[in-house]
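1. Quick one, what's the 3D model for this:
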Amino acid sequence: MADIKKPSTDGKPKSINKSALLDQLATGSGLTKKQVAAVFAALNKVVQNQVGKKGPGLLNVFGLVKVYRVSKPATKETTKPNPFKPGEMMVVKARPARTVIKVKPLKDLKAAI
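-> Residues are numbered from 1 along each chain as shown. Model prediction:
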């Protein structure tokens with residue numbers, strides 16, 4: 001079945017889907033699609049173990065991206081000036097402490113742009 005590309009509404013090219021990505025990686029590496037899918041499944045587990053609660057919280061993926069865990073502290077409810085209605089104050093809700101995952105592009109990925 002041929003890949004049918006629907007034109008996007010904003011004129012930009014669309015991203016490839018998972019199957020097309022596996023096809024391209026399989027042909028480029030000489031592996032089968034199943035083997036490439038197994039590599040990505042293993043990479044997924046490694047990232048989860050490294051960035052998870054019991055891991056170090058940091059993973060550099062082949063010089064492309066750095067995936068890391070950031071702990072954000074809890075915030076109290078405050079009032080501050082409303083940027084959309086000058087002179088009016090607004091209430092900013094309290095937020096609990098949370099952990100977020102950040103991804104930072106590295107040198108090799110920045111050079112591709």
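2. what's across from the spatially most central residue of the chain in the sheet?
-> With the centre of the chain defined as its mean C-alpha position, the nearest residue by Cα atoms, centre = their mean is residue 103, 5.7 Å away. Residue 103 has these beta-bridge partners by DSSP bridges: residue 67.
3. Check residue 59 too.
-> The residues listed as beta-bridge partners of residue 59 by DSSP bridges are residue 67.
4. Tell me the spacing between the residue nearest to residue 104 when sequence neighbours are not counted and residue 53.
-> Leaving aside its chain neighbours, residue 104 sits nearest to residue 66 (4.6 Å; criterion: Cβ to Cβ, 6 or more residues apart in numbering). Placement of C-beta: from N, CA and C, glycine included. Distance of residue 66 to residue 53, given as Cβ to Cβ, to the nearest Å: 19 Å.
5. Looking at these two, which has the bigger crowd around it?
-> Between residue 66 and residue 53, counted using other Cβ atoms under 10 Å, residue 66 has the larger neighbour count: 14 against 7.
6. what's near enough to touch that one?
-> Taking Cβ atoms under 8 Å, 6 or more residues apart in numbering as the contact definition, residue 66 lies against 58, 59, 60, 103, 104, 106.
7. Produce a PyMOL select command limited to the buried residues of those residues.
-> Selecting in PyMOL just the buried members of the contacts of residue 66, where the criterion is 16 or more other Cβ atoms under 10 Å, is done with this command:
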select buried, resi 59
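8. and the contacts of residue 66 as TSV, adding pLDDT?
-> Compiled in TSV, the contacts of residue 66 are given as follows (pLDDT from 0 to 100):
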residue	pLDDT
58	93
59	92
60	92
103	94
104	94
106	91
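9. Specify which member of the contacts of residue 66 is nearest to residue 44.
-> Residue 44 lies nearest to residue 59 out of the contacts of residue 66, by Cβ to Cβ, at 11.6 Å.
10. Good, wrapping up.
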